[in-house]
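Colleague: sequence first, predicted coordinates after that:
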Amino acid sequence: MDYNLLANTIIRLKNADLKLRNQLILSGKLGEGYNEEMEILHHKNAAILNEIIDKIGYPTVEKVGKEAHEAAWLVIQHSIGQPQFMKKCAKLLENVVSKDKATARNLAYLTDRIAVFEGKPQRYGTQFDWDKNGKLSPYSFDNLTQVNQRRKSIGLNSLEEQTEIIRKQAINEKQSPPPDFEKRKQKMEKWKKRVGWTK
């Protein structure tokens, strides 16, 4: 098994993702819902990474190196149109985290993202979206005190601090809230049903 070749492939997937994201930022289209071109790229990246994972298991640092390990996580995190793949990876990641071969932080982001798409509360408050007041806010979570305790236990800042960072980042990237909050919410619910997150 040529792990170097697989590592380079994973890094290329991440680079293609970030390149397209940057183009969307520059054109002011990043905040306009799930871009069709990006959705196609995310599907393609997930399919390629899934083949790699079926061959070698979860791409840990010891298998593919630090850069490809982080790149794999980003590709998984962005494969939002592939519920089964994301859930499969979350189980694999949970297993390698328990053996100290990946960070609990990456697992927290992934499990929160899955929870959000399934309509469940987050445990770490890592996922944000525009609220009805036009501000970026964390998706629902169970309890602020507990969320902050969990965040601290894996080396994350408080949710209040993170909210400020996320809002500043959106300003820097010239993101703006959706013009019609309810319409966007309905569109999102339809998309979640279509790809299999909800019934």
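Modeller: Okay, I see it.

Colleague: switch to C-alpha atoms for all contacts and neighbour counts from now on
Modeller: Noted.

Colleague: now the strands for the protein?
Modeller: Applying DSSP state E to the chain gives strands spanning 128-130, 136-138.

Colleague: once you drop chain neighbours, what's closest to the residue nearest in space to the middle of the chain?
Modeller: When Cα atoms, centre = their mean is applied to the chain, the residue found nearest the centroid is residue 77 (3.1 Å). In space, and not counting its chain neighbours, residue 77 is closest to residue 110: 6.0 Å by Cα to Cα, 6 or more residues apart in numbering.

Colleague: count of residues packed around residue 71?
Modeller: Counted with other Cα atoms under 10 Å, the neighbours of residue 71 add up to 22.

Colleague: just to check, it is in contact with residue 6?
Modeller: No: at 11.6 Å, residue 71 does not count as touching residue 6 under the criterion of Cα atoms under 8 Å.

Colleague: using CSV, lay out the strands of the chain together with distance to residue 49, mean neighbour count and mean pLDDT.
Modeller: Listed next are the strands of the chain as CSV, based on distance: least, Cα to Cα, whole Å; neighbours: other Cα atoms under 10 Å; pLDDT from 0 to 100:
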stretch, distance to residue 49, mean neighbour count, mean pLDDT
strand 128-130, 25, 17, 94
strand 136-138, 29, 20, 96
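
Colleague: would JSON lines of these with distance to residue 188 be doable?
Modeller: Listed next are these as JSON lines, based on distance: least, Cα to Cα, whole Å:
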{"stretch": "strand 128-130", "distance to residue 188": "12"}
{"stretch": "strand 136-138", "distance to residue 188": "16"}
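
Colleague: do you know which of those strands lies nearest residue 145?
Modeller: Residue 145 lies closest, by Cα to Cα, to one member of the strands of the chain: strand 136-138, at 14.3 Å.

Colleague: show me which residues of the helix or strand of the chain with the lowest mean pLDDT are buried.
Modeller: Every helix and strand in the chain was compared by mean pLDDT, DSSP states H and E; the lowest is helix 181-195, with a mean of 91. Under the neighbour-count criterion of 16 or more other Cα atoms under 10 Å, helix 181-195 has 185, 189, 192 buried.

Colleague: rebuild these as CSV, extending it with distance to residue 34.
Modeller: Formatted as CSV, the buried residues of helix 181-195 follow (distance: Cα to Cα, whole Å):
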residue, distance to residue 34
185, 12
189, 12
192, 11
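
Colleague: that'll do, ta.
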